[in-house]
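# here is my input, please return the structure:
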Amino acid sequence: MFQSYEQIFSKRADAYQKAMELYPAARQREFQLVVEHADLNAADVICDAPSGGGYLRDYLPTDIKRYLAVETAPDFTGHCPLGEHDRIIHSPLDNIAIENSSVDVCINLAGSHHLEDKSRFFREAMRILKPGGRLVIADAEKGTRVDRFLNEFVDQHNSMGHEGIFLDDSTAAEISSCGLAVHSDELIDFPWAFETGNDIGTFCKLLFGIDLAEADAVLAGTEDILGYMPGPGKINLAWSLRYIVAIKS
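The predicted structure follows:
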């Protein structure tokens, strides 16, 4: 049975947070790519939905006007770093507690695959964005190695399962049907960077709530399904996400 984002991370938030604390640079390129696609300006108000532990905040320019961390799982938000004008908002993604036309950029990083009906979130993004505002979606693409790792290996070795509803051929049209104009849409390969293979096994075990396999078995699963690629670490796990930018006219 499909479980909501809130149900999943009410149980997994602590392990996820521990993974990010132990290996804060592992997903650096993933966050950098989101910021690059967002094309930020100093005066922008940024909505990060879902925000998790607010990991994106550290990658935003220091002069960003305001960061709004929207999160449905309250267990995450105690870890969220906040600037003077930032705010945490506990809110469902299909009914975000933000005023109409008040946000310059809405970012959804690796969260949309937990939504059964993504169009409800896309319509909310349309509502809260200012004219000319940008929606940035980054998530796994259906049929990729990341899909296979998450929906097969993680699903098998996580007692809660993993049934990600990943981006596919219908996603861009679905965004457009909600009134947003798709500006760019690309699948990007990038590394998750680590010092050792043991670090990969530990990180993925914690991040994905893998409680039915030890770290060495998780490492073997990543080697078999994902493989490695060049990158800044001593060992770099191959990862990929589809990055979509849509604009409100």
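
# please make it C-alpha for all contacts and neighbour counts, starting now.
Fine.

# which residues touch the nearest residue to Ala15 once chain neighbours are set aside?
Leaving aside its sequence neighbours, Ala15 sits nearest to Leu206 (C-alpha to C-alpha, 6 or more residues apart in numbering; 5.0 Å). Applying C-alpha atoms under 8 Å, 6 or more residues apart in numbering, we find Leu206 in contact with Ala15, Tyr16, Lys18, Ala19.

# what's in contact with the lengthiest helix in the chain?
Criterion DSSP state H: the longest helix present in the chain is helix 5-22. Here helix 5-22 makes contact (C-alpha under 8 Å, 6+ apart) with 52-53, 72-76, 79, 111, 114-115, 160, 202-204, 206-209.

# among the residues you listed, which ones are buried?
52-53, 72-76, 111, 114-115, 160, 202-204, 206-209 (16 or more other C-alpha atoms under 10 Å).

# dump the helix or strand of the chain at the bottom of the mean pLDDT ranking to CSV, restricted to CA.
Sorted by mean pLDDT, DSSP states H and E, the helices and strands of the chain end with helix 74-77, the least confident at a mean of 81. Extracted in CSV, the C-alpha atoms of helix 74-77 (Å, rounded to 0.1, in the frame of the first residue of the first chain):
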residue,chain,number,x,y,z
PRO,A,74,7.5,17.9,11.8
ASP,A,75,10.3,15.5,12.9
PHE,A,76,12.5,17.0,10.2
THR,A,77,12.1,20.7,10.9
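
# where exactly do the strands run in the chain?
For the chain, applying DSSP state E gives strands covering 45-48, 66-71, 87-90, 103-109, 129-139, 180-194, 235-248.
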